[in-house]
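Engineer: here is my input, please return the structure:
(chains A and B)
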There are 2 protein chains.
Amino acid sequence: MAALKLHGFFNSSASYRVRIALGLKGLPWEHVGVNIRTGVQNGAGYKALNPAGLVPTLEDGSARITQSLAIIDYLERLQPAPRLVPEGGTERNRVLEIASLIACDIHPLNNLRVLKTLTGSLGVSDAQKNDWYLNWITQGFDALEAWLSDEGDFCVGDAPTLADCCLVPQVANAQRMKVDLSAYPRILRINDQCLRLAAFADAAPNRQPDFVAG
Amino acid sequence: MAALKLHGFFNSSASYRVRIALGLKGLPWEHVGVNIRTGVQNGAGYKALNPAGLVPTLEDGSARITQSLAIIDYLERLQPAPRLVPEGGTERNRVLEIASLIACDIHPLNNLRVLKTLTGSLGVSDAQKNDWYLNWITQGFDALEAWLSDEGDFCVGDAPTLADCCLVPQVANAQRMKVDLSAYPRILRINDQCLRLAAFADAAPNRQPDFVAG
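Structural biologist: Numbers count the residues shown, from 1 in each chain, chains lettered A, B, ... in the order given. As a prediction, the model looks like this:
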């Protein structure tokens, strides 16, 4: 198998989700850094790969797949074991609900391009930006905490799923923004348990070759 | 089969996606209006059904499924024909990419709760709010237009898919915001062709029992 190339950024939550999935499936891959702080994602070179100018993009030979959830679905077909989305039943419903809650209703409102737009063209203050960030985390995590149970190492069932691939990067993002997460003991417990696994730990931002502290 | 109940709102794009999918699959369903303009979604009654306080929620007997993409996945299992997500290959990749582009990178930034937050607690002007809306439509639709082809009635392949279920409500939303879409002839062509089908036409906001003009 030719090595998979993941065009991403160490601090991108969407890239981080895919890195976890690659690790859980034991697929070898190569990191290609796309510095979204300096705008590389909007250059013609990257846009030829991904017209949306967003990270990540997976390159597999001549195939290019964008959007983290679509990429993880592709990886699920490439290497079906271990399954990250249960085949059916209520567990499948819940995994997909959690993935959507994070990937549609929390993260897109709180990512770098949005925060930059708020403080840039909209002229919003840093305090207002932080309130905005906290608001979407609170709404989303309140719902997620209600869905999780008091026991168990993972969001759904007894093995990592797509839900955990989405949760851990979102927790890291909130911690980076210094959000107090003490109201979410279930989320914190699952996050801690996941990070004991190599696939999650190795996918962390500070383990990536393009990592820059601060 | 007990009738499916869809708790939604006529103007909610996420509800509209599910209505189209229900129609394409020929599943009987019952509309339960949740007025997100007056805040019904944040009341205890609705939150018992969906702790995220978002529409839509599908009720199927004792099962409750939230998140439009998770609901459509559930419907795909309940009634596999016609398939809305191709079983594999590049068509599956593209359908999921388009669904994510719209459901993660355009719509969550432009929905009612976000626009209300901008003009409310952030004190943004109406003109700035409209620029914000247009910015995310432009970034997303530029990418989508590049992915679509000059021919064909649907986003991917020769039958409606999940991609079209997401596209048509997003176009309706942009048109409601009076966005000039003339730069997107492929998007407009596909939207027009979809709306010739009863499943799309019947799902339109103005065909729902809770519709209010203006």
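Engineer: from chain B, how far off is A:Gly26?
Structural biologist: Applying CB to the nearest CB, to the nearest Å, the value for A:Gly26 to chain B is 21 Å. For glycine as for every other residue, the C-beta is placed from the backbone atoms N, C-alpha and C.
Engineer: contact partners for that residue?
Structural biologist: A:Gln79 (CB atoms under 8 Å, 6 or more residues apart in numbering or on different chains).
Engineer: quick one, phi psi at it?
Structural biologist: Taking degrees, to the nearest 10, you get phi 70, psi 30 for the backbone angles of A:Gly26.
Engineer: residues near A:Val34, how many?
Structural biologist: Neighbour count for A:Val34, taken as other CB atoms under 10 Å in any protein chain shown: 26.
Engineer: show me what contacts it?
Structural biologist: Neighbouring residues of A:Val34 by CB under 8 Å, 6+ apart: A:His7, A:Gly8, A:Phe9, A:Val40, A:Gln41, A:Tyr46, A:Val55, A:Pro56.
Engineer: inside helices: which ones of those?
Structural biologist: A:Tyr46 (DSSP state H).
Engineer: now the two most distant members of the contacts of A:Val34.
Structural biologist: Greatest spacing in those, by CB to CB: A:Val40 and A:Pro56 (12.8 Å).
Engineer: SS state for A:Glu59?
Structural biologist: The three-state label given to A:Glu59 by DSSP: H, G, I helix; E, B strand; the rest coil is strand.
Engineer: so which strand or helix has the closest residue to it other than its chain neighbours?
Structural biologist: Using CB to CB, 6 or more residues apart in numbering or on different chains and skipping the chain neighbours, the partner closest in space to A:Glu59 is A:Lys5 (4.1 Å). Using DSSP states H and E, A:Lys5 falls within strand A:4-8.
Engineer: helices or strands up against whichever helix or strand comes after that strand?
Structural biologist: Downstream of strand A:4-8, the first helix or strand assigned by DSSP H and E is helix A:13-24. Counting contacts by 3 or more CB pairs under 8 Å, 6 or more residues apart in numbering or on different chains; DSSP states H and E, helix A:13-24 packs against strand A:4-8, helix A:68-78, helix A:162-176, helix A:198-202.
Engineer: what angle separates helix A:13-24 from helix A:162-176?
Structural biologist: 130 degrees (axes from the mean of the first three to the mean of the last three CA atoms, to 10 degrees).
Engineer: the inter-axis angle of helix A:13-24 versus strand A:4-8?
Structural biologist: Relative orientation of helix A:13-24 versus strand A:4-8 (the same axes, to 10 degrees): 160 degrees.
Engineer: pLDDT averaged over helix A:13-24, what's the number?
Structural biologist: Taken as a whole, helix A:13-24 has an average pLDDT of 98.
Engineer: which of the residues in whichever helix or strand comes after that helix are buried?
Structural biologist: As assigned by DSSP H and E, the chain's next helix or strand after helix A:13-24 is strand A:29-33. For strand A:29-33, burial by neighbour count (16 or more other CB atoms under 10 Å in any protein chain shown) applies to A:Trp29, A:His31, A:Val32, A:Gly33.
Engineer: state the distance from the first one to A:Ala201.
Structural biologist: Same thing as A:Trp29. 16 Å (CB to CB, to the nearest Å).
Engineer: then the third one?
Structural biologist: Noted for A:Val32: a distance of 21 Å to A:Ala201, by CB to CB.
Engineer: can you pull the contacts of the residue nearest to A:Glu59?
Structural biologist: Counting by CB under 8 Å, 6+ apart, A:Lys5 has contacts A:Trp29, A:Glu30, A:Val32, A:Leu58, A:Glu59, A:Asp60.
Engineer: can you lay out those residues as CSV showing pLDDT and distance to B:Pro108?
Structural biologist: Shown next, in CSV, are the contacts of A:Lys5 (pLDDT from 0 to 100; distance: CB to CB, whole Å):
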residue, pLDDT, distance to B:Pro108
A:Trp29, 97, 28
A:Glu30, 97, 31
A:Val32, 97, 27
A:Leu58, 98, 22
A:Glu59, 98, 27
A:Asp60, 97, 28
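Engineer: just give me the closest of the residues you listed to A:Glu151.
Structural biologist: Nearest member of those to A:Glu151, counting by CB to CB, is A:Trp29, at 33.1 Å.
Engineer: more neighbours, A:Val40 and A:Pro56?
Structural biologist: Counted by other CB under 10 Å, A:Val40 and A:Pro56 do not tie: A:Pro56 has more neighbours, with 26 against 16.
Engineer: ok, the closest residue to that one other than its chain neighbours - how many residues close by?
Structural biologist: Nearest non-adjacent residue to A:Pro56, counting by CB to CB, 6+ apart: A:Gly8, 3.8 Å away. Close neighbours of A:Gly8, defined as other CB under 10 Å, add up to 26.
Engineer: go on, A:Ile190?
Structural biologist: With other CB under 10 Å as criterion, A:Ile190 counts 25.
Engineer: do the one 4 residues further on as well
Structural biologist: A count of nearby residues for A:Cys194, using other CB under 10 Å, gives 21.
Engineer: and A:Asp202, by the same measure?
Structural biologist: 13.
Engineer: let me see the contact set for it.
Structural biologist: A:Asp202 neighbours (CB under 8 Å, 6+ apart): A:Arg19, A:Gly23.
Engineer: pLDDT at it, what is it?
Structural biologist: With respect to pLDDT, A:Asp202 scores 98.
Engineer: repeat for A:Ala2
Structural biologist: pLDDT at A:Ala2 comes out at 59.
Engineer: one step back: ok, and which of the buried residues of strand A:29-33 reach chain B?
Structural biologist: When contact is defined as CB under 8 Å from any CB of the partner chain, those do not meet chain B at all.
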